[in-house]
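*Asks:* what follows is a predicted protein model with its sequence.
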Amino acid sequence: MCRAMKIPFNQPPFVGPEIDYVRKAVESGRICGDGQFNQKCHAWLEQKTGVARALLTTSCTHALEMSALLCNIQPGDEVIMPSFTFVSTADAFAMRGAKCVFVDIRPDTMNIDEKLIEDAITEKTKAIVPVHYAGVGCEMDTINAIAKKHNLFVIEDAAQGMMATYKGRSLGALGDFGCYSFHETKNYSMGEGGAILIADKKYSDHAEIIREKGTNRVQFHRGEVDKYTWVELGSSYLPSELNAAYLYAELENAQKIFDNRMASWKAYRERLQPLADAGDLQLPYIPAECSHNAHMFYLKVANLKTRTALIAHLVKNGILAVFHYVPLHNAPAGKRFGRFNGEDRYTTHESDRLLRLPMFYGLKQDDLEFVCDKVKEFFGK
């Protein structure tokens, strides 16, 4: 029998002060970018992650685009990344004329296989873009060592990674540049938005110029130049104060949101562990050196046919569960703008098996238990 209420896959986070902060932004008389709430968010991110500079952007996609410009990606360059990722990871570099070189993933974490990166490097390689899937860190010490050896940039796609760490260090703060997402599907949201994290302050001025449409307007407002003008390529990457105000309320409550999501993640794990022990499915793997952020709870079943049937079973019971990325190298644009280096042993196979369960701030305990009961029911348990 179908349950009357529907359990959504996601609900945007809302903790309470967001509306008051948006009102304050409106009442301040300034709602364009880089007002007081933008600055508060920058300071919070810098303090939390330890980077030299953090700047809000209008999306994680735009943070990645800024990274491509800061790395001076040119036509003919190559950028190494996993194929199991969102299209923005590739788009940001393909738009600059670079070739995306896709590398297979590890089946345990779904992250890029660090052992396969060096084989993909050519004289055209300019950067490595690790993607921290589900807020679980890639093997960054190995990746950074490879980058240093070959004089390459490391740009972390940490869209899902805020408040997660690798060996005690924040995801997004481990490479040259890191990119966060504050989309409504993420742990912390401004509706649409993101941030770029910059490890070395020598890139700070250039980043400000790129973000301000290629002008030195920020330096002008600081009194560093007597007038501002167009000096570089750039775009309008500043989010409005309204978005930043909404986000800042959530940053102030970051630990509260983290704790709530983590409780749900652990509850899922505890209740579904018997199915994993019986070999019906696999649960997420968290390496010892990683501290994740409960961004998602996924499970992996035997094959695509089983996943399709399980999704249909959950939907029939009013539960929206979804699969995730279709590997980019199989997409029409992926074939045009990229190539897969080596063998696709795991990327497509593991993608076909993965299913994500409802996970969001404020997920009710009885709803979570209902989801688990229906997963167990599917497997006859």
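*Replies:* Arrived safely, thanks for sending.

*Asks:* where is the longest helix in this structure?
*Replies:* For the chain, the helix with the greatest residue count under DSSP state H is helix 254-277.

*Asks:* CA atoms of that helix as PDB?
*Replies:* The C-alpha atoms that make up helix 254-277 are tabulated as PDB, following Å, rounded to 0.1, in the frame of the first residue of the first chain:
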ATOM      1  CA  ALA A 254      27.100  25.100  10.200                       C
ATOM      2  CA  GLN A 255      27.700  22.700  13.000                       C
ATOM      3  CA  LYS A 256      24.000  22.300  13.800                       C
ATOM      4  CA  ILE A 257      23.300  21.400  10.200                       C
ATOM      5  CA  PHE A 258      26.300  19.000  10.100                       C
ATOM      6  CA  ASP A 259      25.200  17.200  13.300                       C
ATOM      7  CA  ASN A 260      21.700  16.800  12.000                       C
ATOM      8  CA  ARG A 261      22.800  15.300   8.700                       C
ATOM      9  CA  MET A 262      25.400  13.100  10.400                       C
ATOM     10  CA  ALA A 263      22.800  11.600  12.700                       C
ATOM     11  CA  SER A 264      20.600  10.700   9.600                       C
ATOM     12  CA  TRP A 265      23.700   9.200   7.800                       C
ATOM     13  CA  LYS A 266      24.600   7.100  10.800                       C
ATOM     14  CA  ALA A 267      21.000   6.000  11.200                       C
ATOM     15  CA  TYR A 268      20.800   4.900   7.600                       C
ATOM     16  CA  ARG A 269      24.100   3.000   8.000                       C
ATOM     17  CA  GLU A 270      23.000   1.200  11.200                       C
ATOM     18  CA  ARG A 271      19.600   0.100   9.800                       C
ATOM     19  CA  LEU A 272      20.900  -1.000   6.400                       C
ATOM     20  CA  GLN A 273      24.100  -2.800   7.700                       C
ATOM     21  CA  PRO A 274      22.300  -6.200   7.900                       C
ATOM     22  CA  LEU A 275      21.600  -6.000   4.200                       C
ATOM     23  CA  ALA A 276      25.200  -5.300   3.500                       C
ATOM     24  CA  ASP A 277      26.300  -8.100   5.800                       C
END
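
*Asks:* which residues touch the nearest residue to residue 173 once chain neighbours are set aside?
*Replies:* Spatial nearest neighbour of residue 173, chain neighbours left out: residue 49 (4.1 Å); criterion: Cβ to Cβ, 6 or more residues apart in numbering. No exception for glycine: its C-beta is placed from N, CA and C like everyone else's. If a contact means Cβ atoms under 8 Å, 6 or more residues apart in numbering, then residue 49 has 170, 172, 173, 178, 197 as its contacts.

*Asks:* got phi/psi on the residue nearest the centre of the chain?
*Replies:* Compute the mean C-alpha point of the chain, and by Cα atoms, centre = their mean the closest residue is residue 159, 1.5 Å away. With angles defined as degrees, to the nearest 10, residue 159 sits at phi -50, psi -40.

*Asks:* tell me the secondary structure at the residue lying closest to residue 317 once chain neighbours are set aside.
*Replies:* If the residues on either side of it in the chain are set aside, residue 317 comes closest to residue 374, at 4.9 Å by Cβ to Cβ, 6+ apart. Secondary structure of residue 374, reduced to three states by DSSP: H, G, I helix; E, B strand; the rest coil: helix.

*Asks:* mind checking how far stretch 88-95 is from the chain centre?
*Replies:* From the chain centre to the centre of stretch 88-95 is a distance of 14 Å (Cα atoms, centre = their mean, to the nearest Å).

*Asks:* now do stretch 74-86
*Replies:* 16 Å.

*Asks:* pLDDT of that stretch, averaged?
*Replies:* Per-region confidence: stretch 74-86 scores 98 on mean pLDDT.

*Asks:* in that stretch, what counts as buried?
*Replies:* Within stretch 74-86, the residues that qualify as buried are 77, 78, 79, 80, 81, 82, 83, 84, 85, 86, counting by 16 or more other Cβ atoms under 10 Å.

*Asks:* check contacts around residue 361.
*Replies:* Contacts for residue 361 were tallied using Cβ under 8 Å, 6+ apart; they are 11, 13, 14, 15, 187, 257, 260, 261.

*Asks:* so which of the residues you listed wins on neighbours?
*Replies:* Neighbour tally across the contacts of residue 361 (other Cβ atoms under 10 Å): the maximum, 26 neighbours, falls on residue 187.

*Asks:* adding pLDDT, write the contacts of residue 361 out as JSON lines.
*Replies:* Output for the contacts of residue 361, formatted as JSON lines (pLDDT from 0 to 100):
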{"residue": "11", "pLDDT": "96"}
{"residue": "13", "pLDDT": "96"}
{"residue": "14", "pLDDT": "97"}
{"residue": "15", "pLDDT": "97"}
{"residue": "187", "pLDDT": "98"}
{"residue": "257", "pLDDT": "98"}
{"residue": "260", "pLDDT": "98"}
{"residue": "261", "pLDDT": "98"}
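
*Asks:* including distance to residue 122, could the residues you listed go into a markdown table?
*Replies:* Shown next, in a markdown table, are the contacts of residue 361 (distance: Cβ to Cβ, whole Å):
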| residue | distance to residue 122 |
| --- | --- |
| 11 | 45 |
| 13 | 42 |
| 14 | 47 |
| 15 | 47 |
| 187 | 37 |
| 257 | 42 |
| 260 | 46 |
| 261 | 41 |
